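**Student:** generate a structure from the sequence data that follows.
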Amino acid sequence: MHDARDELQVSIIIPTFNRAPFLQSTVAQFQSQSFGDYEIWIIDQSDGEDAASNKRYFAETSDPRINYMHLNEKGLSNARNEGLARARGKLVIFVDDDVILLSSDFIDAHLHIYDDPNIGCAVGRHVERTLRMNAKNTACRVSWTGRTIFNLFGTQRVHVGSCKGSNMSVRMEAIRQVGGFDRHIKFLEESDFAARIRAAGWQLVFEPSAEVVHLSAPAGGVREKSRLQWEIVRFECTAYYVLRNRGLLGIPPFVTVFFLIAISQSLRLLSLRTIPILCAAMFRGFSKARTAPDHSIPNVFSREALEEDGLHEFNAPVLL
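**Tutor:** Numbers count the residues shown, from 1 in each chain. Next up is the predicted model:
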């Protein structure tokens, strides 16, 4: 991360994968915001034509606040950490590449949250196009059984237990305390990150005025090839999260409920092999949780290292 003397008010980090039209629309919306003292870091992991389209689009932009970087290595946590390594803002806002900002004061809404010095992290309001919420009242947390509980459609600011990276902000001071996102997991990485912020003594809140429509575009983004592959990821990452953040006390309720989920999935997929496959994924997660986490924020690479490692980075409009 940059020296504090170079800080801006806000850094916006947008990881993207194979969603060029959505990404470019999202970035254009930020250019119409009423608050202008910000930088944007686009961390692109796209392939083929999507990557080429993004490179052309951002090389041709005349907005010096927009910074583009192509990263060959895939992984949402890694992409966010690469953005954090370059961010100069006192506040960092994360959004997905497929959101619609519902106000020209979206950045201001996130900034005003931090008038309260006790708040370290916040999640904004989500109007979900496809995802189904599973709580009656406003909520964002991981239950003791390992299930993700969320309803981010409320209209009042409330304290929450976790955050969602499609519309979330974090105080840079808190990031310097706890590090970045854990690369060991592809799911619940925001929850693990938020748990460490809470453990460091900061409060987490839901803020309804920082509002987006979350499209959850069917192409690109974080996708698994099949329902079983997704469940394998969910079982492994949830086991990792539970042992890492709840300790041994968290294992019995999690294992009980997720074993029942494994049985349910085996019936749904019409394959008894599903049960041992998902149980093996749980134990891989427990095993991985006993190793050191991987949430360090890298040092900014030199231009030579960027080229050697397959990274292509530029500040619009000049290609380095």
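**Student:** low-confidence stretches in this structure?
**Tutor:** For the chain, the stretches with pLDDT under 70 are 1-7, 219-224, 300-320.
**Student:** do that again at 90, thanks
**Tutor:** Along the chain, segments meeting pLDDT under 90 span 1-8, 62, 73, 130-131, 216-225, 299-320.
**Student:** quick test: name the residue nearest the centre of the chain.
**Tutor:** Nearest to the mean C-alpha position of the chain, by C-alpha atoms, centre = their mean, lies residue 165 at 3.4 Å.
**Student:** residues contacting that one?
**Tutor:** By C-beta atoms under 8 Å, 6 or more residues apart in numbering, the contact list for residue 165 reads 76, 80, 94, 96, 189, 190. From N, CA and C alone the C-beta is placed, and that goes for glycine too.
**Student:** what segments of this protein are strands?
**Tutor:** 8-16, 38-44, 66-70, 89-95, 99-101, 119-128, 139-142, 148-151, 158-159, 167-171, 203-214, 312-315, 318-319 (DSSP state E).
**Student:** save these as CSV, and put in distance to residue 286 too.
**Tutor:** Putting the strands of the chain into CSV (distance: least, C-beta to C-beta, whole Å) gives the following:
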stretch, distance to residue 286
strand 8-16, 28
strand 38-44, 30
strand 66-70, 34
strand 89-95, 28
strand 99-101, 34
strand 119-128, 27
strand 139-142, 16
strand 148-151, 19
strand 158-159, 30
strand 167-171, 27
strand 203-214, 26
strand 312-315, 37
strand 318-319, 45
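**Student:** hey, which of those is tucked in deepest?
**Tutor:** Sort the strands of the chain by mean neighbour count, taking mean count of other C-beta atoms under 10 Å, and strand 167-171 sits at the top with a mean of 26.
**Student:** parallel or antiparallel, list what pairs with that strand.
**Tutor:** Paired with strand 167-171 in the same sheet, following DSSP bridges, are strand 89-95 (antiparallel), strand 119-128 (antiparallel).
**Student:** find the nearest non-adjacent residue to the residue sitting furthest away from the middle of the chain, please.
**Tutor:** Residue farthest from the centre of the chain, counting by C-alpha atoms, centre = their mean, is residue 272 at 33.6 Å. Spatial nearest neighbour of residue 272, chain neighbours left out: residue 266 (5.6 Å); criterion: C-beta to C-beta, 6 or more residues apart in numbering.
**Student:** what of residue 186?
**Tutor:** Per C-beta to C-beta, 6+ apart, closest to residue 186 is residue 233, 5.5 Å.
**Student:** what number of residues lie near residue 20?
**Tutor:** Other residues lying near residue 20 total 21 when counted by other C-beta atoms under 10 Å.
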